[in-house]
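1. Sequence first, predicted coordinates after that:
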Amino acid sequence: MIATPLLALYTDVLTAVCITLLPTISVNLAMIARGDKEQFRDIRKHLRILPFVITGTVVGTLLLVWLDPRPFFLVLAAAILLYLNQHKLEKLDFSWVRNHTNLAYVIFGLTAGLMAGTVNVMVPVLIILFLELRLAAASMILLFNINFFTGKLTQSLLLSQQNIKDIELILPASLWLVPAALVALYLGTRLRTYIDEDRYLKILRAVLWLMAGILVARFIAAYLVTA
C-alpha cells in the first residue's frame, strides 16, 4: 500500500511494480516461514482461491504491459481509496460469501489477482472476503502473504518473458533491495511494540490520502501534457 504508490509518484506504475517485485517476494516468503502448523491447517481449505488469483494476475500483468500506462495512476489511487474506506464496505451485505464460497473464491480471487497484476495491491479485496469467512487474524495475514507471493511469483515469471528493455534492466538491478527489505521487516517487527497503534494508523491514513490525491493529479497532468 505504500511502496508502489510512493515509487509511482516519481516513475510510472509499471516501473514501480517491477522495482518492488523481488523485495515483495522475499518479504512474503519470510512472513510465510513464520506461520505455524495450526495457521496452515486453518487456511488449507482457502487455498482454492490461488488458481483464480494466478489467472487474475496474468491478465492484470498483460494489461499493465500492453495498455497506455497513464490510467493506472487512477487505478492505483482507486485501490488506495478502497483500502481507506474499508469501514464503509462493512455496511454492505456480503453474507452471500458464506453461502456461495466457491463463487466468492472465483470473484474475489480474480479481482485480487487483477489488482495485484496491475497496481500491486490485493489486500483490500482479500480483507472483504476473509473477514466475511470469519478467518482468524493471524491465519488471515498468512493467507494474504501466500496469495501475494503466488501472484508476484507469477508476475515476475511473466514479466521476464516480455521483450521490454526497461524490465530486463530493472529486475536484476532491484536485487539489492531484497536484503534491505528483509532488514526493514526485522526492524519493523521489533519496533511495532513501541509504536502507538492509533497514532500509526492516523499517520498511515494521512499519507495514503495524500498519495491518492497526488496520483489523481499525475493522471490528469499526464493527459494535459499530451493534449
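-> Received the coordinates, thanks.
2. quick one: the helices in the protein?
-> Remark: helices assigned in the chain by DSSP state H are 3-8, 13-33, 37-43, 50-66, 71-84, 86-89, 96-99, 101-119, 123-132, 137-160, 165-173, 177-191, 197-226.
3. shaky segments in the chain?
-> Applying pLDDT under 70 to the chain picks out residues 90, 164-166, 168, 225-227.
4. quick one, what contacts the residue nearest in space to the middle of it?
-> Central residue of the chain (CA atoms, centre = their mean): residue 121, 2.4 Å from the mean position. Residues in contact with residue 121 (CB atoms under 8 Å, 6 or more residues apart in numbering) are 1, 4, 76, 79-80, 83, 115. (Each C-beta comes from the backbone N, C-alpha and C, glycine too.)
5. let's go with 10 Å and repeat that
-> By CB atoms under 10 Å, 6 or more residues apart in numbering, the contact set of residue 121 is 1, 4-5, 17, 75-76, 78-80, 82-83, 112, 115, 148.
6. Tabulate the helices of the chain in JSON lines, adding columns for mean neighbour count.
-> Listed next are those as JSON lines, based on neighbours: other CB atoms under 10 Å:
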{"stretch": "helix 3-8", "mean neighbour count": "20"}
{"stretch": "helix 13-33", "mean neighbour count": "20"}
{"stretch": "helix 37-43", "mean neighbour count": "15"}
{"stretch": "helix 50-66", "mean neighbour count": "20"}
{"stretch": "helix 71-84", "mean neighbour count": "20"}
{"stretch": "helix 86-89", "mean neighbour count": "10"}
{"stretch": "helix 96-99", "mean neighbour count": "12"}
{"stretch": "helix 101-119", "mean neighbour count": "22"}
{"stretch": "helix 123-132", "mean neighbour count": "21"}
{"stretch": "helix 137-160", "mean neighbour count": "20"}
{"stretch": "helix 165-173", "mean neighbour count": "13"}
{"stretch": "helix 177-191", "mean neighbour count": "13"}
{"stretch": "helix 197-226", "mean neighbour count": "13"}
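7. Quick check: the nearest residue to residue 158 once chain neighbours are set aside vs residue 156, distance?
-> Distances taken as CB to CB, 6 or more residues apart in numbering put residue 61 closest to residue 158, at 5.1 Å, once the chain neighbours are dropped. Using CB to CB, to the nearest Å, residue 61 is found at 9 Å from residue 156.
8. separation between the spatially closest residue to residue 69 that is not a sequence neighbour and residue 64?
-> Nearest residue to residue 69, sequence neighbours excluded (CB to CB, 6+ apart): residue 12, at 4.9 Å. Going from residue 12 to residue 64 by CB to CB gives 10 Å.
9. what's the overlap in contacts for those two?
-> Here residue 12 and residue 64 have 18, 72 as joint contacts, going by CB under 10 Å, 6+ apart.
10. what does stretch 195-205 rub up against?
-> The contact list for stretch 195-205 (CB under 10 Å, 6+ apart) reads 1-2, 83-84, 188, 192.
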